[in-house]
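S.K.: Give the three-dimensional model of this entry:
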Amino acid sequence: MNVRQRQDAIVRSLRRNGTSTVAALAQDVGASKRTVLRDISALRDEGFVIHSEPGRGGGLQLDARSVQTTVRLSVAEVFAILISVASMRATGGLPFASLADVGLGKIEKALPADKVRDLRRFLDCLFVGTLAPQVNISNMGAMDAALLPAFEAAFLQQMHLRFEYHDAKGTITQRYVEPQAMLILPPLWYLVAWDPAREDFRHFRMDRIGKPEIVEGDAFMRRHVPFDDHVSPLRNLAR
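M.R.: Numbers count the residues shown, from 1 in each chain. Model prediction:
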């Protein structure tokens, strides 16, 4: 259980039980009392109102109203929600679009300014178009859940990305690239990247990418990606 998962578990436990002790929370989340105390402090810094009552019968209590006004979403999580809504709109498959826009607007308003900036930078890397009818989608697989968090670091910090790629014939190769854009050609998603070894852009189907890994080192420069005429920035379609 990572820090985020542990803190979310603490909030759920406090909401479920009403009152709890540090010792009980530590047992619930499988951590030390000292770790739980640090988590409580971090949650308070994020806006959660957690009361502490000393003595017999006391403990920790969470003010439920603070949960309703605190959005604990990472840039990658907000991005996942937004691109899911926007990509459905782009393909004409989004009922209740106006309500979805209102909800997304509330989420964005609740984000800190630095996360809003990151979110907008992330959105600038996203494009949508139409898949050519001859493309075979019968072997389309599921995308690795680790992709989006890795992409967040790769795109926002302009860090190189290493991953395994399974081509259409099942051959597995190791790739080392500079991520430049994400392209949605429903129902397929592609990572568009500059391949330094080939000195050219490459499109990688995201359902064929595995074991993504950020490579620490010098940041690369953003490049202009030459898309076809039918491809548009998702930002133009997201509103």
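
S.K.: Counting by contacts, list what the strand or helix carrying Ile83 packs against.
M.R.: Using DSSP states H and E, Ile83 falls within helix 75-90. With contacts defined as 3 or more C-beta pairs under 8 Å, 6 or more residues apart in numbering; DSSP states H and E, the packing partners of helix 75-90 are helix 97-110, helix 113-123, strand 126-128, helix 147-157, strand 172-185. C-betas here are computed from N, CA, C, even on glycine.

S.K.: packing partners for the second one?
M.R.: What it means is helix 113-123. Taking 3+ C-beta pairs under 8 Å, 6+ apart as the contact cut, helix 113-123 packs with helix 75-90, helix 147-157.

S.K.: Lowest average confidence across the ones you listed, which one?
M.R.: Lowest mean pLDDT within those: helix 75-90, a mean of 74.

S.K.: starting at the chain centroid, how far to that helix?
M.R.: Helix 75-90 has its average C-alpha position 10 Å from the chain's average C-alpha position, going by C-alpha atoms, centre = their mean, to the nearest Å.

S.K.: which residues touch that helix?
M.R.: Applying C-beta atoms under 8 Å, 6 or more residues apart in numbering, the set of residues contacting helix 75-90 from outside is 73, 94, 97, 100, 104, 107-108, 111, 115, 118-119, 122-123, 126, 128, 148-149, 151-152, 156, 184, 186, 234, 237-238.

S.K.: residue closest to the middle of this protein?
M.R.: Nearest to the mean C-alpha position of the chain, counting by C-alpha atoms, centre = their mean, stands Ala76 at 2.0 Å.

S.K.: Leaving out the residues flanking it, which one is nearest to that residue?
M.R.: Nearest-residue entry for Ala76: Glu152, 4.4 Å, with adjacent residues in sequence omitted and distances by C-beta to C-beta, 6 or more residues apart in numbering.

S.K.: Buried residues in stretch 101-119, which are they?
M.R.: Asp101, Leu104, Ala110, Leu111, Lys115, Asp118, Leu119 (16 or more other C-beta atoms under 10 Å).

S.K.: and the residues you listed, which two are the farthest apart?
M.R.: The span of the buried residues of stretch 101-119, defined through C-beta to C-beta, is set by Asp101 and Asp118 at 20.5 Å.
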